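Novice: Using only what follows, build the 3D model:
(one chain, ligands or ions: 2)
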Amino acid sequence: MQELLSCTNVVFHCAATVRFNDSLRHAVQLNVTATQKLLLMASQMPKLEAFIHISTAFSNCNLQHIDEVIYPCPVEPKKIIDSMEWLDDAIVEEITPKLIRDWPNTYTYTKALGEMVVHQESGNLNIAIVRPSIVGATWQEPFPGWVDNVNGPSGLIIATGKGFLRALRGAPMAVADLIPVDTVVNLTLAVGWYTAVHRPKSTLIYHCTSSNFNPCHWGKMGFQILATCEKIPFERAFRRPYADFTTNTITTQYQNAVSHWAPAIIYDLYLRLTGRKPRMTKLMNRLLRTVSVLEYFVNRSWEWSTNNTEMLMSELSPEDQRVFNFDVRQLNWLEYIENYVLGVKKYLLKEDMAGVPEAKQHLRRLRNIHYLFNTALFLIAWRLLIARSQMARNVWLFIVSLCYKCISYFRASSSLKA
Ligand SMILES: CCCCCCCCCCCCCCCCCCCCCC(=O)SCCNC(=O)CCNC(=O)[C@H](O)C(C)(C)COP(=O)(O)OP(=O)(O)OC[C@H]1O[C@@H](n2cnc3c(N)ncnc32)[C@H](O)[C@@H]1OP(=O)(O)O
Ligand SMILES: NC(=O)C1=CN([C@@H]2O[C@H](COP(=O)(O)OP(=O)(O)OC[C@H]3O[C@@H](n4cnc5c(N)ncnc54)[C@H](OP(=O)(O)O)[C@@H]3O)[C@@H](O)[C@H]2O)C=CC1
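Specialist: Ligands and ions are numbered 1, 2, ... in the order given. Below is the predicted model:
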């Protein structure tokens with residue numbers, strides 16, 4: 001502790017719980033109380049030049065247009081921290097929805113409280129806040145497509161590529177505000193420099209977002225994910241990668257029943273019949289739970305103002321603009337997403353490119369099984385219908401006689417030609 005206090009020049013405060021469904025108590029402890037303690041510690045660092053707090057662009061996702069300012073929270077963070085000391089878990093759980101109001105989860109709510117704490121308890125510290133949006137794989141450094149966790153879209157890319165996720169409740173035209181992780185790092189370092197060297201009079205907030213500079217939509221992103229998974233498939237897929245966005249509750253429930261639950265139940269039945277342990281319904285349950293907490297962000301669009309970020313860009317020398325590049329106007333989304341999917345395959349799934357021919361062969365087998373299954377299903381349904389309905393029988397006789405006539409006609413015409 002003594003060494004930290006006496007030697008630290010710059011603090012980058014990134015530690016947090018990023019789980020959306022964490023208990024309010026734990027989220028407050030990590031995202032609010034810890035920030036308060038770190039500020040206290042920072043105030044005892046004689047050599048400190050800058051304190052950079054990493055928040056999220058979604059800390060005010062209850063608003064549609066978000067400026068580079070700190071918005072007040074309905075309940076003072078200090079009161080929330082105090083109440084966590086004496087309320088028991090059951091009560092905390094009960095009052096959580098009332099406290100978080102129109103924030104979608106405890107994560108975004110406590111990140112907003114964390115910003116408020118920074119604002120109120122900064123004292124004489126030289127502070128800045130960086131708000132990244134949805135952090136994705138690297139764009140350029142150390143190489144394109146590097147990723148090391150399933151947060152944000154990465155987990156759903158796996159689920160789509162492996163054929164588990166077939167439908168997602170989302171708005172294809174909503175803005176997908178993804179930001180590559182190396183861009184976030186570059187901007188954060190540049191903010192550290194600017195805050196330490198220029199010492200702005202007030203706490204500056206920097207939106208590290210892409211939509212203002214180079215917007216992309218979920219539809220385009222989903223399409224490119226599928227195209228890449230088709231070109232360079234993941235190994236041992238459950239089904240062929242195919243997914244679409246649903247826009248209302250009825251189609252979502254239909255897709256969940258037909259495209260998610262039914263195949264999972266049938267596969268588990270097959271596992272049971274072959275003496276193995278069923279696992280697909282459990283996995284599907286987990287996937288749909290994850291989807292339900294993420295879909296809030298795929299159904300809305302936000303606007304973030306980026307005046308401070310643009311100002312920072314203009315303050316950097318041309319050389320620093322190149323080294324600490326955070327200008328996403330140059331980003332080609334299709335290329336980025338393709339590299340992202342390949343990065344997921346390589347760094348998260350640990351799959352080798354040498355396995356691609358076998359993965360393609362597996363997809364062809366899955367396609368044949370799909371056709372076979374659908375034909376069998378159709379024939380069974382038709383057989384049942386014929387047994388029950390005179391009209392279906394008439395239609396069937398009509399089709400059969402039509403086919404017979406066609407075949408006779410072609411036979412006759414070919415024997416005439418001969
Ligand atoms: C053409 C059409 C094509 C269409 C289709 C194409 C598809 C296209 C793609 C579209 C993409 C849209 C995405 C929007 C993202 C918006 C993010 C907004 C971010 C706001 C930014 C931030 O400022 S903040 C950082 C984000 N913060 C997270 O992203 C944490 C999430 N997470 C949790 O909130 C908890 O995790 C949760 C899950 C509750 C379980 O919670 P829980 O208590 O039940 O259990 P656990 O946490 O233990 O997780 C249990 C198992 O879920 C695994 N898992 C964890 N996250 C996962 C994840 N994202 N996807 C998959 N799987 C995930 C984990 O790896 C465990 O797997 P295992 O058991 O095998 O280890
Ligand atoms: N991922 C995203 O899309 C976005 C993330 N952010 C913000 O970026 C920051 C980093 O997030 P991300 O990298 O995604 O998340 P991770 O969960 O990967 O990283 C969180 C970090 O916090 C540390 N940490 C967690 N709990 C504690 C604790 N009790 N004491 C000390 N350290 C702890 C973890 O340490 P360890 O590795 O040892 O567990 C880890 O290094 C967070 O502040 C998050 O809010 C903002 C916008 C988007």
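Novice: Name the residues of the helix or strand containing residue 415 that are buried.
Specialist: Element membership for residue 415 (DSSP states H and E) is helix 390-417. For helix 390-417, burial by neighbour count (16 or more other C-beta atoms under 10 Å) applies to no residue. Where C-beta positions appear, they are placed from N, C-alpha and C, glycine not excepted.
Novice: now for that helix, which elements pack on it?
Specialist: On a contact count with 3 or more C-beta pairs under 8 Å, 6 or more residues apart in numbering; DSSP states H and E, helix 390-417 meets helix 356-388.
Novice: just checking, what packs against the helix it packs on?
Specialist: Short answer (3+ C-beta pairs under 8 Å, 6+ apart): helix 356-388 packs on helix 390-417.
Novice: angle of the helix it packs on against helix 356-388?
Specialist: Relative orientation of helix 390-417 versus helix 356-388 (axes from the mean of the first three to the mean of the last three C-alpha atoms, to 10 degrees): 120 degrees.
Novice: Nearest to ligand 1 within the protein, name that residue for me.
Specialist: Relative to ligand 1, the nearest point of the chain is residue 155 (1.9 Å; C-beta to the nearest ligand atom).
Novice: and after the helix or strand residue 192 falls within, which helix or strand comes next?
Specialist: Residue 192 is located in helix 181-198, with elements delineated by DSSP H and E. Moving toward the C-terminus from helix 181-198, the next helix or strand (DSSP H and E) is strand 204-208.
Novice: hmm, back to that, now the helix holding residue 415, how far from the centre of its chain.
Specialist: Chain-centre distance of helix 390-417: 54 Å, with C-alpha atoms, centre = their mean, to the nearest Å.
Novice: got it, and stretch 91-101?
Specialist: With C-alpha atoms, centre = their mean, you get 25 Å for stretch 91-101.
Novice: tell me the mean pLDDT over that stretch?
Specialist: If you average the pLDDT over stretch 91-101, you get 96.
Novice: Identify the residues contacting it?
Specialist: 23, 24, 25, 62, 74, 75, 80, 84, 87, 106, 109 (C-beta atoms under 8 Å, 6 or more residues apart in numbering).
Novice: Looking at those, spot the one nearest residue 270.
Specialist: residue 23 (38.1 Å; C-beta to C-beta).
Novice: Per-residue pLDDT of the closest one, please?
Specialist: 97.
Novice: how far away is it from residue 50?
Specialist: 33 Å (C-beta to C-beta, to the nearest Å).
Novice: repeat for residue 345
Specialist: 38 Å.
Novice: So if I had to pick from these two, which one is more boxed in?
Specialist: A count of neighbours by other C-beta atoms under 10 Å puts residue 345 above the other of residue 345 and residue 50, at 26 against 21.
Novice: Residue 102 is in contact with residue 62, isn't it?
Specialist: Yes. At 4.1 Å, residue 102 and residue 62 qualify as touching, with contact defined as C-beta atoms under 8 Å.
Novice: Any idea how many residues pack against residue 291?
Specialist: The number of residues near residue 291, taken as other C-beta under 10 Å, comes to 21.
Novice: State the three-state secondary structure for the residue nearest to it when sequence neighbours are not counted.
Specialist: Closest residue in space to residue 291, ignoring its immediate chain neighbours: residue 168 at 6.3 Å, by C-beta to C-beta, 6 or more residues apart in numbering. Per DSSP: H, G, I helix; E, B strand; the rest coil, the secondary structure class of residue 168 is strand.
Novice: residues touching residue 168, list them.
Specialist: Applying C-beta under 8 Å, 6+ apart, the residues contacting residue 168 are 156, 222, 243, 244, 245, 246, 291, 295, 298.
Novice: Once you drop chain neighbours, what's closest to the last one?
Specialist: Yep, that's residue 298 we're talking about. Nearest non-adjacent residue to residue 298, counting by C-beta to C-beta, 6+ apart: residue 170, 3.5 Å away.
Novice: Which strand or helix spans residue 211?
Specialist: Counting by DSSP H and E, residue 211 is held by no secondary-structure element, helix or strand.
Novice: And for the closest residue to residue 152 other than its chain neighbours, the neighbour number?
Specialist: Counting by C-beta to C-beta, 6+ apart, residue 134 is the residue found nearest to residue 152 once chain neighbours are left out, at 4.8 Å. Neighbourhood size, residue 134 [other C-beta under 10 Å]: 19.
Novice: which residues touch residue 134?
Specialist: Contact analysis of residue 134 by C-beta under 8 Å, 6+ apart lists 152, 153, 176, 177, 178, 179, 297.
Novice: Can you identify each of the helices in the stretch 201-350 of the chain by residue range?
Specialist: Along the stretch 201-350 of the chain, counting by DSSP state H, counting those that start in this stretch, helices occupy 218-231, 249-255, 262-273, 280-294, 307-315, 318-323, 333-343.
Novice: from the ones you listed, which stretch is densest packed?
Specialist: helix 333-343 (a mean of 21; mean count of other C-beta atoms under 10 Å).
Novice: Now do that helix against helix 218-231: the angle between them, please.
Specialist: 50 degrees.
Novice: Quick check: mean pLDDT of helix 333-343?
Specialist: Here the average pLDDT along helix 333-343 is 98.
Novice: Run through the neighbouring helices and strands of it.
Specialist: Checking 3+ C-beta pairs under 8 Å, 6+ apart, helix 333-343 ends up next to helix 153-161, helix 218-231.
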